[in-house]
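A.B. asks: Based on what follows, work out the 3D shape:
(one chain, ligands or ions: 1)
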Amino acid sequence: MSYNLLKGKRGIIFGALDENSIAWKTAERVHEEGGTFVLTNAPIAMRMGKINELAEKTNSQIIPADATNEEDLQNLVAQAMEILGGKLDFVLHSIGMSVNVRKGRAYTDEKYDFTAKGWDVSALSFHKVMQSLFKADAMNEWGSIVALTYMAAQRTFPDYNDMADNKAYLESVARSFGYFFGKEKKVRVNTISQSPTPTTAGQGVKGFDGFINYAEKMSPLGNATAADCADYTVSLFSDLTRKVTMQNLFHDGGFSNTGVSQEVIDEFSE
Ligand SMILES: NC(=O)c1ccc[n+]([C@@H]2O[C@H](COP(=O)([O-])OP(=O)(O)OC[C@H]3O[C@@H](n4cnc5c(N)ncnc54)[C@H](O)[C@@H]3O)[C@@H](O)[C@H]2O)c1
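C.D. replies: Sure, this is the predicted structure:
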(Lines give C-alpha, C1' and ligand atoms only; values in the text may rest on other atoms or scores of the structure.)
Protein backbone atom coordinates (compact mmCIF):
# COMPACT_ATOMS: atom_id res chain seq x y z
CA MET A 1 0.00 0.00 0.00
CA SER A 2 1.24 3.49 -0.77
CA TYR A 3 0.55 6.57 1.35
CA ASN A 4 2.53 9.04 -0.78
CA LEU A 5 4.65 9.73 2.31
CA LEU A 6 7.72 10.72 0.29
CA LYS A 7 6.09 12.64 -2.52
CA GLY A 8 8.48 15.30 -3.81
CA LYS A 9 11.39 14.08 -1.68
CA ARG A 10 14.83 13.38 -3.14
CA GLY A 11 17.67 11.27 -1.86
CA ILE A 12 20.58 8.87 -2.19
CA ILE A 13 20.41 5.13 -1.44
CA PHE A 14 23.69 3.32 -0.77
CA GLY A 15 24.14 -0.45 -0.75
CA ALA A 16 21.63 -2.20 -3.04
CA LEU A 17 23.48 -5.27 -4.31
CA ASP A 18 20.70 -7.73 -5.17
CA GLU A 19 17.00 -8.23 -4.43
CA ASN A 20 17.79 -9.52 -0.90
CA SER A 21 19.60 -6.32 0.12
CA ILE A 22 17.88 -4.16 2.70
CA ALA A 23 18.73 -1.16 0.48
CA TRP A 24 17.04 -2.83 -2.51
CA LYS A 25 13.78 -3.32 -0.62
CA THR A 26 14.03 0.23 0.69
CA ALA A 27 14.53 1.66 -2.81
CA GLU A 28 11.41 -0.16 -3.98
CA ARG A 29 9.34 1.17 -1.05
CA VAL A 30 10.67 4.72 -1.38
CA HIS A 31 9.75 4.62 -5.06
CA GLU A 32 6.23 3.42 -4.20
CA GLU A 33 5.89 6.29 -1.73
CA GLY A 34 6.74 8.86 -4.41
CA GLY A 35 10.40 9.57 -3.55
CA THR A 36 13.05 9.99 -6.24
CA PHE A 37 16.67 9.00 -5.71
CA VAL A 38 20.07 8.15 -7.05
CA LEU A 39 21.37 4.62 -6.40
CA THR A 40 25.01 4.11 -5.52
CA ASN A 41 27.35 1.28 -4.70
CA ALA A 42 31.06 0.48 -4.82
CA PRO A 43 32.32 0.18 -8.40
CA ILE A 44 33.17 -3.49 -7.83
CA ALA A 45 29.63 -4.27 -6.60
CA MET A 46 28.25 -2.83 -9.85
CA ARG A 47 29.88 -5.66 -11.72
CA MET A 48 28.75 -8.38 -9.30
CA GLY A 49 25.26 -7.19 -8.46
CA LYS A 50 22.10 -6.41 -10.34
CA ILE A 51 21.70 -2.75 -9.54
CA ASN A 52 20.78 -1.92 -13.17
CA GLU A 53 17.58 -3.93 -12.78
CA LEU A 54 16.61 -1.89 -9.72
CA ALA A 55 17.48 1.39 -11.45
CA GLU A 56 15.19 0.55 -14.34
CA LYS A 57 12.39 -0.52 -12.05
CA THR A 58 12.57 2.63 -9.94
CA ASN A 59 13.39 5.05 -12.74
CA SER A 60 16.64 6.07 -11.12
CA GLN A 61 20.19 6.73 -12.15
CA ILE A 62 23.26 5.00 -10.75
CA ILE A 63 26.42 6.81 -9.66
CA PRO A 64 29.25 4.48 -8.59
CA ALA A 65 31.09 5.57 -5.44
CA ASP A 66 33.40 3.84 -3.02
CA ALA A 67 32.03 5.01 0.33
CA THR A 68 35.57 5.18 1.75
CA ASN A 69 36.72 7.61 -0.94
CA GLU A 70 36.06 11.29 -0.20
CA GLU A 71 36.41 12.38 -3.80
CA ASP A 72 33.89 9.77 -4.96
CA LEU A 73 31.47 10.93 -2.27
CA GLN A 74 31.82 14.63 -3.11
CA ASN A 75 31.19 13.82 -6.76
CA LEU A 76 28.21 11.64 -5.83
CA VAL A 77 26.59 14.38 -3.74
CA ALA A 78 27.10 17.04 -6.44
CA GLN A 79 25.81 14.79 -9.22
CA ALA A 80 22.83 13.59 -7.20
CA MET A 81 21.66 17.19 -6.62
CA GLU A 82 22.09 17.95 -10.31
CA ILE A 83 20.22 14.84 -11.49
CA LEU A 84 17.40 15.16 -8.94
CA GLY A 85 17.08 18.94 -9.37
CA GLY A 86 17.82 20.23 -5.89
CA LYS A 87 18.95 19.52 -2.35
CA LEU A 88 18.31 16.15 -0.74
CA ASP A 89 15.72 15.04 1.82
CA PHE A 90 16.89 11.51 2.68
CA VAL A 91 20.02 9.35 2.62
CA LEU A 92 20.29 5.63 3.41
CA HIS A 93 23.69 4.22 4.42
CA SER A 94 23.32 0.43 4.04
CA ILE A 95 26.95 -0.66 3.87
CA GLY A 96 28.90 -3.30 5.75
CA MET A 97 31.88 -5.57 5.18
CA SER A 98 34.50 -7.17 7.42
CA VAL A 99 37.67 -8.51 5.81
CA ASN A 100 38.43 -10.56 8.95
CA VAL A 101 35.01 -12.27 8.64
CA ARG A 102 35.50 -12.85 4.93
CA LYS A 103 38.92 -14.39 5.45
CA GLY A 104 37.75 -16.52 8.38
CA ARG A 105 39.94 -14.79 10.99
CA ALA A 106 38.71 -15.20 14.56
CA TYR A 107 38.14 -12.14 16.78
CA THR A 108 41.16 -13.26 18.83
CA ASP A 109 43.31 -13.47 15.70
CA GLU A 110 42.53 -10.25 13.81
CA LYS A 111 44.78 -9.08 11.05
CA TYR A 112 44.81 -5.37 11.75
CA ASP A 113 45.02 -4.11 8.20
CA PHE A 114 41.87 -6.20 7.58
CA THR A 115 40.34 -4.62 10.71
CA ALA A 116 41.19 -1.12 9.51
CA LYS A 117 39.71 -1.74 6.06
CA GLY A 118 36.48 -3.18 7.49
CA TRP A 119 36.17 -0.24 9.89
CA ASP A 120 36.69 2.24 7.07
CA VAL A 121 34.01 0.57 4.90
CA SER A 122 31.47 -0.22 7.62
CA ALA A 123 31.84 2.62 10.12
CA LEU A 124 34.00 5.59 9.13
CA SER A 125 32.25 5.69 5.73
CA PHE A 126 29.14 6.94 7.56
CA HIS A 127 31.09 9.93 8.84
CA LYS A 128 32.56 10.48 5.37
CA VAL A 129 29.11 10.38 3.76
CA MET A 130 27.71 12.88 6.28
CA GLN A 131 30.72 15.18 6.09
CA SER A 132 30.37 15.29 2.30
CA LEU A 133 26.67 16.16 2.62
CA PHE A 134 27.32 18.70 5.37
CA LYS A 135 30.12 20.55 3.59
CA ALA A 136 28.19 20.71 0.32
CA ASP A 137 25.12 21.95 2.26
CA ALA A 138 23.30 19.22 0.36
CA MET A 139 20.46 18.44 2.80
CA ASN A 140 17.13 20.25 2.96
CA GLU A 141 15.85 21.28 6.40
CA TRP A 142 13.98 18.42 8.11
CA GLY A 143 15.83 15.92 5.98
CA SER A 144 16.63 12.47 7.36
CA ILE A 145 19.75 10.31 7.31
CA VAL A 146 19.58 6.63 8.31
CA ALA A 147 22.25 3.94 8.68
CA LEU A 148 21.78 0.26 9.43
CA THR A 149 23.29 -1.45 12.43
CA TYR A 150 23.08 -4.57 14.59
CA MET A 151 22.67 -5.22 18.32
CA ALA A 152 26.17 -6.72 18.53
CA ALA A 153 27.13 -3.08 19.21
CA GLN A 154 25.60 -3.48 22.71
CA ARG A 155 25.79 -7.22 23.43
CA THR A 156 28.29 -9.85 22.46
CA PHE A 157 27.53 -12.23 19.61
CA PRO A 158 30.85 -14.07 19.21
CA ASP A 159 30.61 -14.79 15.48
CA TYR A 160 29.84 -11.16 14.64
CA ASN A 161 33.57 -10.61 15.06
CA ASP A 162 34.99 -7.12 14.46
CA MET A 163 31.69 -5.97 12.92
CA ALA A 164 30.48 -5.54 16.52
CA ASP A 165 33.12 -2.85 17.08
CA ASN A 166 32.36 -1.27 13.72
CA LYS A 167 28.66 -1.03 14.59
CA ALA A 168 29.43 0.55 17.99
CA TYR A 169 31.47 3.22 16.18
CA LEU A 170 28.78 3.71 13.54
CA GLU A 171 26.12 4.29 16.21
CA SER A 172 28.35 6.77 17.98
CA VAL A 173 28.93 8.70 14.74
CA ALA A 174 25.14 8.92 14.29
CA ARG A 175 24.82 10.61 17.70
CA SER A 176 27.81 12.91 17.27
CA PHE A 177 27.04 14.04 13.73
CA GLY A 178 23.33 14.12 14.59
CA TYR A 179 24.07 16.92 17.04
CA PHE A 180 25.75 19.12 14.43
CA PHE A 181 23.32 18.25 11.65
CA GLY A 182 20.41 19.00 13.98
CA LYS A 183 21.77 22.30 15.30
CA GLU A 184 23.02 23.70 12.04
CA LYS A 185 20.79 22.20 9.36
CA LYS A 186 17.68 20.79 11.14
CA VAL A 187 18.49 17.35 9.75
CA ARG A 188 17.92 14.14 11.75
CA VAL A 189 20.38 11.25 11.93
CA ASN A 190 19.43 7.80 13.24
CA THR A 191 20.52 4.17 13.09
CA ILE A 192 18.13 1.24 12.73
CA SER A 193 19.23 -1.86 14.61
CA GLN A 194 17.77 -4.59 12.43
CA SER A 195 17.04 -8.29 13.06
CA PRO A 196 19.32 -10.84 11.37
CA THR A 197 18.28 -10.81 7.71
CA PRO A 198 19.22 -13.28 4.96
CA THR A 199 21.30 -11.05 2.64
CA THR A 200 24.79 -11.37 1.21
CA ALA A 201 26.32 -9.47 4.15
CA GLY A 202 24.14 -11.28 6.73
CA GLN A 203 24.94 -14.75 5.45
CA GLY A 204 28.65 -13.96 5.69
CA VAL A 205 28.35 -14.30 9.48
CA LYS A 206 29.42 -17.77 10.66
CA GLY A 207 26.52 -19.94 11.86
CA PHE A 208 23.98 -17.51 10.39
CA ASP A 209 21.18 -20.10 10.04
CA GLY A 210 21.25 -21.05 13.72
CA PHE A 211 21.55 -17.41 14.62
CA ILE A 212 18.51 -16.27 12.61
CA ASN A 213 16.37 -19.19 13.89
CA TYR A 214 17.32 -18.40 17.48
CA ALA A 215 16.41 -14.73 16.98
CA GLU A 216 13.10 -15.74 15.45
CA LYS A 217 12.26 -17.83 18.54
CA MET A 218 13.40 -15.07 20.91
CA SER A 219 11.36 -12.28 19.29
CA PRO A 220 7.71 -12.01 20.36
CA LEU A 221 6.81 -10.61 16.94
CA GLY A 222 9.32 -12.75 15.02
CA ASN A 223 12.30 -11.37 13.11
CA ALA A 224 11.84 -8.16 11.15
CA THR A 225 12.38 -8.84 7.44
CA ALA A 226 14.17 -6.63 4.92
CA ALA A 227 10.74 -5.53 3.66
CA ASP A 228 9.70 -4.59 7.22
CA CYS A 229 12.93 -2.62 7.52
CA ALA A 230 12.13 -0.79 4.29
CA ASP A 231 8.75 0.24 5.74
CA TYR A 232 10.36 1.51 8.93
CA THR A 233 12.97 3.45 6.99
CA VAL A 234 10.24 5.10 4.91
CA SER A 235 8.62 6.29 8.15
CA LEU A 236 11.95 7.78 9.25
CA PHE A 237 12.36 9.55 5.90
CA SER A 238 8.81 10.92 6.11
CA ASP A 239 7.64 14.14 7.79
CA LEU A 240 5.93 12.07 10.51
CA THR A 241 9.15 11.57 12.50
CA ARG A 242 10.70 15.04 12.35
CA LYS A 243 11.84 15.20 15.96
CA VAL A 244 13.41 11.74 16.12
CA THR A 245 17.16 12.13 15.99
CA MET A 246 20.45 10.78 17.40
CA GLN A 247 18.72 7.49 18.22
CA ASN A 248 19.60 3.88 17.78
CA LEU A 249 16.19 2.38 17.01
CA PHE A 250 15.69 -1.34 17.54
CA HIS A 251 13.71 -2.93 14.75
CA ASP A 252 13.79 -6.54 15.82
CA GLY A 253 10.33 -7.84 16.78
CA GLY A 254 11.16 -7.29 20.47
CA PHE A 255 14.36 -9.40 20.57
CA SER A 256 16.45 -6.74 22.33
CA ASN A 257 14.15 -6.58 25.37
CA THR A 258 13.43 -10.29 25.68
CA GLY A 259 15.31 -12.19 28.39
CA VAL A 260 14.03 -15.58 27.29
CA SER A 261 11.01 -16.88 25.40
CA GLN A 262 8.83 -19.91 26.05
CA GLU A 263 10.10 -21.52 22.83
CA VAL A 264 13.69 -21.27 23.99
CA ILE A 265 12.79 -22.61 27.47
CA ASP A 266 11.01 -25.54 25.78
CA GLU A 267 14.20 -26.39 23.86
CA PHE A 268 15.97 -26.91 27.20
CA SER A 269 13.15 -28.67 29.09
CA GLU A 270 12.97 -32.43 29.28
N1 LIG B 1 21.72 -8.85 7.07
C2 LIG B 1 21.68 -8.72 8.40
O3 LIG B 1 21.51 -9.70 9.17
C4 LIG B 1 21.82 -7.34 9.00
C5 LIG B 1 21.36 -7.11 10.32
C6 LIG B 1 21.53 -5.84 10.87
C7 LIG B 1 22.16 -4.84 10.12
N8 LIG B 1 22.58 -5.10 8.84
C9 LIG B 1 23.27 -4.03 8.09
O10 LIG B 1 22.49 -3.69 6.96
C11 LIG B 1 23.36 -3.05 6.01
C12 LIG B 1 23.09 -3.62 4.64
O13 LIG B 1 23.48 -4.96 4.53
P14 LIG B 1 22.60 -6.10 3.86
O15 LIG B 1 22.30 -7.08 4.93
O16 LIG B 1 21.48 -5.52 3.08
O17 LIG B 1 23.66 -6.82 2.90
P18 LIG B 1 24.18 -6.52 1.41
O19 LIG B 1 25.36 -7.41 1.25
O20 LIG B 1 23.06 -6.69 0.46
O21 LIG B 1 24.62 -4.99 1.45
C22 LIG B 1 25.89 -4.52 1.85
C23 LIG B 1 26.29 -3.48 0.82
O24 LIG B 1 27.51 -2.80 1.18
C25 LIG B 1 28.12 -2.45 -0.04
N26 LIG B 1 29.51 -2.02 0.10
C27 LIG B 1 30.56 -2.78 0.54
N28 LIG B 1 31.70 -2.06 0.47
C29 LIG B 1 31.36 -0.82 -0.01
C30 LIG B 1 32.11 0.36 -0.29
N31 LIG B 1 33.42 0.42 -0.11
N32 LIG B 1 31.44 1.44 -0.78
C33 LIG B 1 30.10 1.39 -0.98
N34 LIG B 1 29.35 0.30 -0.72
C35 LIG B 1 29.98 -0.80 -0.23
C36 LIG B 1 27.98 -3.75 -0.83
O37 LIG B 1 28.29 -3.61 -2.21
C38 LIG B 1 26.54 -4.11 -0.57
O39 LIG B 1 25.69 -3.51 -1.51
C40 LIG B 1 24.78 -3.27 6.53
O41 LIG B 1 25.19 -2.11 7.24
C42 LIG B 1 24.60 -4.43 7.48
O43 LIG B 1 25.62 -4.50 8.45
C44 LIG B 1 22.42 -6.32 8.26
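
A.B. asks: so after the longest helix along the chain, what's the next helix or strand?
C.D. replies: Scanning the chain for the helix with the most residues, using DSSP state H, yields helix 163-185. Note on helix 163-185: by DSSP states H and E, the next helix or strand toward the C-terminus is strand 188-194.

A.B. asks: What is that following strand packed up against?
C.D. replies: Judged by 3 or more Cβ pairs under 8 Å, 6 or more residues apart in numbering; DSSP states H and E, strand 188-194 is in contact with strand 139-149, helix 163-185, helix 226-237, strand 247-251. From N, CA and C alone the C-beta is placed, and that goes for glycine too.

A.B. asks: Can you tell me which residues in the stretch 1-150 of the chain are near the ligand?
C.D. replies: Within the stretch 1-150 of the chain, the residues that sit near the ligand (Cβ under 6 Å from any ligand atom) are 14-15, 17, 21-23, 41-42, 45, 66-68, 94-97, 121, 148-150.

A.B. asks: tell me the helices in the protein, going along the chain?
C.D. replies: Counting by DSSP H, the segments of the chain that form helices are 22-32, 43-48, 51-58, 70-84, 99-102, 112-119, 125-135, 163-185, 200-203, 208-218, 226-237, 262-268.

A.B. asks: Just the buried residues of the second one, please?
C.D. replies: What it means is helix 43-48. Ala45, Met46 (16 or more other Cβ atoms under 10 Å).

A.B. asks: Around the ligand, which positions in the stretch 151-270 of the chain sit nearby?
C.D. replies: Gln194, Pro196, Thr197, Thr199, Thr200, Ala201, Gly202.

A.B. asks: Quick check on the residues you listed: which are buried?
C.D. replies: Buried among those by 16+ other Cβ under 10 Å: Gln194, Pro196, Thr197, Thr199, Ala201, Gly202.

A.B. asks: What is the nearest of those to Ile51?
C.D. replies: Nearest to Ile51 among these: Thr199, at 14.3 Å, using Cβ to Cβ.

A.B. asks: give the contact list for the residue nearest to that closest one when sequence neighbours are not counted.
C.D. replies: With sequence-adjacent residues excluded and distances taken as Cβ to Cβ, 6 or more residues apart in numbering, Thr199 is closest to Asn20, at 4.5 Å. Residues near Asn20 by Cβ atoms under 8 Å, 6 or more residues apart in numbering: Thr197, Pro198, Thr199, Thr200, Ala226.

A.B. asks: Repeat that for Leu54.
C.D. replies: Neighbours of Leu54 in contact, by Cβ under 8 Å, 6+ apart: Ala16, Glu19, Trp24, Ala27, Glu28, Leu39, Ser60.

A.B. asks: List the contacts of the longest helix of the chain.
C.D. replies: 96, 98, 101, 118-119, 122-124, 126-127, 130-131, 134, 137, 139, 141, 143, 145, 147, 149-150, 152-154, 156-157, 187-191, 205, 245-248.

A.B. asks: mind listing what the closest residue to Asp252 other than its chain neighbours touches?
C.D. replies: Distances taken as Cβ to Cβ, 6+ apart place Ser195 nearest to Asp252, at 4.5 Å, with adjacent residues excluded. Counting by Cβ under 8 Å, 6+ apart, Ser195 makes contact with Ile212, Ala215, Ser219, Asn223, Ala224, Thr225, His251, Asp252, Gly253, Phe255.

A.B. asks: same thing but 6 Å
C.D. replies: Neighbouring residues of Ser195 by Cβ atoms under 6 Å, 6 or more residues apart in numbering: Ala215, Asn223, Ala224, Asp252.

A.B. asks: Could you check how far it is from Asn100?
C.D. replies: 23 Å (Cβ to Cβ, to the nearest Å).

A.B. asks: Ok, Val173 next?
C.D. replies: Computed as Cβ to Cβ, the Val173 to Asn100 distance reads 20 Å.

A.B. asks: for Ile212, same thing?
C.D. replies: For Ile212, the distance to Asn100 equals 21 Å [Cβ to Cβ].

A.B. asks: Appreciated, that's everything.
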